[in-house]
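[1] let's see this in three dimensions:
(chains A, B, C and D)
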Number of protein chains: 2
Amino acid sequence: MATIKDVAKVAGVAISTASYALNNSTKISQATKKKVEEAAKSLNYQKNGFASDLKRTKTNTIALVLSDLSGPFYSELIQGVQDITSANGYDLIACSSIGGPQSTAVRFLKEKRVDGAIILAHNISDEITLESARKDFPLVVLDRTLENEFVYHVEADNVQGAYTATEHLIQHGHEDIAYVSGPAISHDSIRRFQGYQDALKAHGIPYQSKWKFSGDFTKKGGYRATKLMIAQRDLPEGIFYANDEMAIGGLQAFQENGIDVPGDISIIGYDDIELAEYVNPPLTTIKQPKYDTGALSVHLIFQLLAGEKVNHHYKLPTELVTRQSVKLKTKVSE
Amino acid sequence: MATIKDVAKVAGVAISTASYALNNSTKISQATKKKVEEAAKSLNYQKNGFASDLKRTKTNTIALVLSDLSGPFYSELIQGVQDITSANGYDLIACSSIGGPQSTAVRFLKEKRVDGAIILAHNISDEITLESARKDFPLVVLDRTLENEFVYHVEADNVQGAYTATEHLIQHGHEDIAYVSGPAISHDSIRRFQGYQDALKAHGIPYQSKWKFSGDFTKKGGYRATKLMIAQRDLPEGIFYANDEMAIGGLQAFQENGIDVPGDISIIGYDDIELAEYVNPPLTTIKQPKYDTGALSVHLIFQLLAGEKVNHHYKLPTELVTRQSVKLKTKVSE
DNA sequence: GAATCCTATTGAAACGTTTCTATAAATGAA
DNA sequence: TTCATTTATAGAAACGTTTCAATAGGATTC
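    Prediction:
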């Protein structure tokens, strides 16, 4: 590989001149600039990114840390991140945190191979996040809250979203409303449970622990929780699943047992994944402002890199998407 | 940030000693090794990745170049890539080629910020690929063929897959079979068209150009092509859509026009995306060995990095997934 | 024509590692 | 005791850039 030394030699100038010429410095005459560029072209010269980064102590790259590169993909969120990143002339790379402390993601964070990072990876421990965060290396976390001077937090408002979902069921005449949770440690699930409880309370419906079921954010988990409910022969009037995947699993369980949704029971999900529109019946759910979440996250990083001060916490509003899995309950008896 | 210099100073040793100690050289006594490690810990030392890469001229990282980080995601393919990469102790990063020559992907390729790359991005020009490929920098392309000493090619067998799909329709009694293509320049689409034609020929069915429709691999494109077919009031007996997305768009068009699939017309897709199973009717389609494609790609890269010789072209077999969008045609009249 | 100011160019240091080579100390053989 | 050998450590060069400070020469001013 040709280096800048070779280019300088061929062009007959000093190394520094070559560097200036290739970096469009104004101090270089047009003639020498041309000479250098031609030399570079003839040698098929490409700068060595590492050497350059090393000297500049700046990479012009933002990392998006995902728990698993192979999905589930938050494509709108990434779109938001991507758009803003490239609008600012930065590069974006995605890396996975599979493998824990040995993972690519952790290496990139610790070795500061990027200028800033957005973390959406439950398997990156808080400890590692805190160790990596430092001055001039802003970190935005999306799936947890963390108190640290250099860690920032953006989230869709889980409490409000869950409140809306639950209230929607209540407004459709349902009182016995179950909640199918995500993993116990999930920040999102905990918040959504909070919103669920808040809504019940606000409408004078006492919370009953028998209506809380444990899921794990997977289709199978939703299926199992629902089977359990059915087996207990004591169905609620409505179910709020902490995410769409589980709701779809639940749908399958109901189908298998000849229980009609929404005829016999109303259900509502959370996330508005692509599939939600296609299942039968189409799933009513809560849509999160994913694009905005992504866009805001990078935006904050750029503000911070520019030395501005920003808040440590941001909450974005969610939105109810009405489809056909919730039905108005006409109180026949009672 | 603490550097190795600081560590050496605190530990009271030379820089080189510190370096050896941190890199587990055998020549260092246990005592000093411990001393250095403690110093590193106390300073929260993290090595500078660039400096290290610069000296080593090796990054231990493989890049996966995607046309758009926000999907459509070939999650199984990525899984394959990921598994093999980490099994070899390498890091994997994904980067996008949005923005053409200014994109992150192109920079990473040209500036050789990785040891090898897998390219699955139609918007990376052949020219750039060829410019980037060089000795000790193996490139695997998945969505085109390219003749170059340092470029390798892995693909699911498009011709065979399309042949199988078309033959499946033929074997179900269909003769008038339409093909809805992807973008004209798409390598995949062209190959699939070839397979379609081959199957017709093999079964003595003449190819009619009126049965070729232009799509673009999107849902909307499939919808439009299908609408056009319906408007012409001359429907084929079966349609082979060059991918599932378009088939699903087509399904919607048929639904809107009260045409029953597969009662009135059989359709088949290509890809076996997740949605295919959920649409109504579930879509018969061709499944590609995505995981294997990904795994083989990285495997080749490692072989090449190790100095081994491998073939330049690999073709992996596809598989028919039978669902309910194709029906046996009982020839009532004629 | 001397003094001043630009402008284009150069030389050299620096970024933080790794690694080759040299050296000093410790060990062993004679 | 001396010399050779091993071992642990140190010194310094190198990787390929960028950029500060220095310089030379030409243009401008009076």
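[2] what's the nearest residue to the residue nearest the centre of chain A if we skip its chain neighbours?
    For chain A, residue A:120 is the residue whose C-alpha lies nearest the centre (CA atoms, centre = their mean; 5.0 Å). Counting by CB to CB, 6 or more residues apart in numbering or on different chains, residue A:142 is the residue found nearest to residue A:120 once chain neighbours are left out, at 4.5 Å. Quick note: C-beta positions are derived from backbone N, CA and C, even for glycine.
[3] what distance do you get for the one you found to DNA strand D?
    With distances taken as CB to the nearest atom of the strand, to the nearest Å, residue A:142 is found 32 Å from DNA strand D.
[4] next: residue A:140.
    Distance, residue A:140 to DNA strand D, using CB to the nearest atom of the strand: 26 Å.
[5] SS state for that residue?
    When classified by DSSP: H, G, I helix; E, B strand; the rest coil, residue A:140 comes out as strand.
[6] stretch A:80-88: which residues count as buried?
    Neighbour counts over stretch A:80-88 (16 or more other CB atoms under 10 Å in any protein chain shown) mark A:80, A:81, A:82, A:83, A:84, A:85, A:86 as buried.
[7] quick one, strands of chain A?
    A:61-66, A:91-96, A:116-120, A:139-141, A:151-156, A:177-181, A:212-214, A:238-241, A:266-268, A:285-287, A:313-316, A:319-321 (DSSP state E).
[8] re the thing from before, I figured the residue nearest to the centre of chain A hits residue A:67, correct?
    Yes - with contact defined as CB atoms under 8 Å, residue A:120 counts as touching residue A:67 (7.4 Å).
[9] that older thread, okay, and the beta partners of the residue nearest to the centre of chain A?
    Here residue A:120 sits in beta bridges with residue A:66, going by DSSP bridges.
[10] do the same with residue A:285
    On the basis of DSSP bridges, residue A:285 is bridged to residue A:321.
[11] if we can go back for a sec, from the buried residues of stretch A:80-88, which are also near DNA strand C?
    Among the buried residues of stretch A:80-88, no residue is within reach of DNA strand C (CB under 7 Å from any atom of the strand).
[12] just those that are near chain B?
    Applying CB under 8 Å from any CB of the partner chain to the buried residues of stretch A:80-88, one finds that A:82, A:86 fall near chain B.
[13] if we can go back for a sec, distance-wise, check the residue nearest to the centre of chain A relative to residue B:194.
    41 Å (CB to CB, to the nearest Å).
[14] same deal with residue A:50?
    Residue A:50 sits 44 Å away from residue B:194, going by CB to CB.
[15] look at the two and report which has more neighbours.
    The residue with more neighbours, out of residue A:50 and residue B:194, is residue A:50; 24 against 14, by other CB atoms under 10 Å in any protein chain shown.
[16] surely the more buried one meets residue B:53?
    Yes - Residue A:50 is within contact range of residue B:53, at 4.7 Å (criterion: CB under 8 Å).
[17] overlap in contacts of the two?
    By CB atoms under 8 Å, 6 or more residues apart in numbering or on different chains, residue A:50 and residue B:53 have these common neighbours: residue B:59.
[18] pLDDT weak spots in the stretch 1-150 of chain A?
    A:71-73 (pLDDT under 70).
[19] residue numbers of it in contact with DNA strand D?
    Counting by CB under 7 Å from any atom of the strand, the stretch 1-150 of chain A sits next to DNA strand D at A:1, A:3-5, A:15-16, A:19-20, A:22-23, A:45-48, A:51-52, A:54-56.
[20] go back to those residues and keep what's next to DNA strand C.
    Within these, those near DNA strand C by CB under 7 Å from any atom of the strand are A:15, A:16, A:20, A:51, A:54, A:55.
[21] ok, now how distant is the fifth one from residue A:95?
    Read it as residue A:54. 20 Å.
[22] residue of the stretch 201-334 of chain A closest to DNA strand C, please.
    Closest approach between the stretch 201-334 of chain A and DNA strand C, counting by CB to the nearest atom of the strand: residue A:305, at 18.0 Å.
[23] spell out which residues of the stretch 51-200 of chain A are next to chain B.
    Contact residues (CB under 8 Å from any CB) of the stretch 51-200 of chain A with chain B: A:51-54, A:59, A:61, A:64, A:68-71, A:73, A:75-76, A:78-79, A:82, A:86, A:91-96, A:98-99, A:103-104, A:107-108, A:110-113, A:131, A:134.
[24] just the buried residues of stretch A:18-27, please?
    Within stretch A:18-27, the residues scored as buried using 16+ other CB under 10 Å are A:18, A:19, A:20, A:21, A:22.
[25] what about the residue of the stretch 151-300 of chain A found nearest DNA strand D, how many residues nearby?
    Of all residues in the stretch 151-300 of chain A, residue A:298 sits closest to DNA strand D, at 23.4 Å by CB to the nearest atom of the strand. Using other CB under 10 Å, residue A:298 has 26 neighbouring residues.
[26] got a list of what it touches?
    A:62, A:80, A:81, A:84, A:85, A:88, A:118, A:140.
[27] same question for residue A:53.
    Taking CB under 8 Å, 6+ apart as the test, what residue A:53 contacts is A:59, B:50.
[28] please parse chain A into its domains.
    As assigned by automatic domain parsing, chain A contains the domains A:4-47, A:58-157+A:290-317, A:158-288.
[29] between those, which one is nearest to residue B:199?
    Closest approach to residue B:199 among the domains of chain A (CB to CB): domain A:158-288, 30.0 Å.
[30] average pLDDT for that closest one?
    Averaged over domain A:158-288, pLDDT sits at 96.
[31] in space, what's closest to residue A:128 - neighbours in sequence excluded?
    In space, and not counting its chain neighbours, residue A:128 is closest to residue A:106: 5.8 Å by CB to CB, 6+ apart.
[32] state the distance from that neighbour to residue A:119.
    The gap separating residue A:106 from residue A:119 is 11 Å, by CB to CB.
[33] of those two, which one has the most company?
    residue A:119 (27 against 23).
[34] quick one: the more buried one and residue A:146 touch, right?
    No - if you go by CB under 8 Å, residue A:119 and residue A:146 don't touch, sitting 9.4 Å apart.
[35] now for the two: what residues contact both?
    Contact criterion CB under 8 Å, 6+ apart; residues shared by residue A:119 and residue A:146: residue A:129.
[36] please report how far residue A:129 lies from chain B.
    As defined by CB to the nearest CB, to the nearest Å, residue A:129 lies at a distance of 14 Å from chain B.
[37] what number of residues lie near that residue?
    22.
[38] that one contacts residue A:139, doesn't it?
    Yes - with contact defined as CB under 8 Å, residue A:129 counts as touching residue A:139 (6.3 Å).
[39] distance of the residue nearest to the centre of chain A from residue A:149?
    Going from residue A:120 to residue A:149 by CB to CB gives 21 Å.
[40] now render the domains of chain A as JSON lines, adding distance to residue B:154.
    Below are the domains of chain A laid out as JSON lines (distance: least, CB to CB, whole Å):
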{"stretch": "domain A:4-47", "distance to residue B:154": "26"}
{"stretch": "domain A:58-157+A:290-317", "distance to residue B:154": "17"}
{"stretch": "domain A:158-288", "distance to residue B:154": "28"}
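[41] spatially nearest residue to whichever residue of the stretch 101-250 of chain A sits closest to DNA strand D, not counting backbone neighbours?
    Relative to DNA strand D, the nearest point of the stretch 101-250 of chain A is residue A:115 (14.4 Å; CB to the nearest atom of the strand). Among residues not flanking residue A:115 along the chain, residue A:59 sits closest, at 5.3 Å (CB to CB, 6+ apart).
[42] give me the phi and psi for the one you found.
    When read as degrees, to the nearest 10, the backbone of residue A:59 gives phi -110, psi -20.
[43] how about it, what does it touch?
    The neighbourhood of residue A:59, defined by CB under 8 Å, 6+ apart, consists of A:53, A:91, A:113, A:114, A:115, B:50.
[44] which residue, other than its chain neighbours, is closest to the fourth one?
    When you say that, I think you mean residue A:114. Leaving out its chain neighbours, the residue that sits closest to residue A:114 by CB to CB, 6+ apart is residue A:63, at 4.2 Å.
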